[in-house]
Structure formats: C-alpha cells, structure tokens
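Asks: Provided below are the primary sequence and the corresponding predicted coordinates.
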Amino acid sequence: MRCFMTKIDDQFMRDVLNVVDIIPLGRVATYGQIARLIGRPRNARLVGKALSKAGGYGKHPCHRVVTANGRLVPGWIDQRPMLVAENIPFRDENHVDIKRCLWQGM
C-alpha cells in the first residue's frame, strides 16, 4: 500500500475553515464530513492536519470537530470544556454523543 501526503495549500485550508465556521453552536462535525462537504471525501486525515494548524488563520470553532465515533482530539485539554460550555452531550470522558449532537451539514 502506498501512502502519500497531500500538501495543505491555502485554498484547502480556507475551504476547511469555511465549513468549520458554520458548524452551529451545540453541534459537532466529523473530519470526514468536512472532507465530503469540500469535495475531498478521501481527505479526512488531511482535514485533521489542517485544523491542527488553524491557529495561524485566526479564530475558528475547531473544537466542534471530532472523529466519526465522537472521539475528542487526544492531548487537547481545552476541547472538552469548550464543548461542555456549549451543552454538547458526552457518552464518556473522551467521546461526544455523536448521535445526539452531529450537525447535519449544508
């Protein structure tokens, strides 16, 4: 199996952040969902990589993005408190209740 990295260019970053910016308060989206919405369905991991660099692009609600099963970003200690403040329901300490809070997209 060949692996390759797709470069994160400014347009990709803008596309990702444009979607992140419209995730409503009290809802979460998944990396794969964002990838599909920007027309790059096979690039969920690249969306995650882009979001890890989003701080250099201003303030965006990146804390509202989780994995397909609702897992939070490992090591990001501020993500859970930010989601709790928005009344996001949790299944356990590290997973949001994705069935109850998944944003249905555009």
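Replies: Structure's in. What do you need?

Asks: just the strands in the protein please.
Replies: 29-30, 65-66, 90-92, 95-96 (DSSP state E).

Asks: most packed of those?
Replies: For the strands of the chain, ranked by mean neighbour count under the definition mean count of other C-beta atoms under 10 Å, the leader is strand 65-66 at a mean of 24. Glycine gets a C-beta too; all of them are placed from N, C-alpha and C.

Asks: Tell me which residues are up against that strand.
Replies: Applying C-beta atoms under 8 Å, 6 or more residues apart in numbering, the external contacts of strand 65-66 come out as 20, 23, 28-31, 34, 47-48, 51, 72-73, 95-96, 98.

Asks: In the longest helix seen in the chain, which residues are buried?
Replies: Secondary structure assigned by DSSP state H gives helix 10-20 as the longest helix of the chain. Neighbour-count burial for helix 10-20, with 16 or more other C-beta atoms under 10 Å as criterion, is recorded at F12, M13, D15, V16, L17, V19, V20.

Asks: beta partners for the residue nearest in space to the middle of the chain?
Replies: For the chain, the residue whose C-alpha lies nearest the mean C-alpha position (C-alpha atoms, centre = their mean) is V65; its distance is 2.4 Å. V65 forms beta bridges with A29, as assigned by DSSP bridges.
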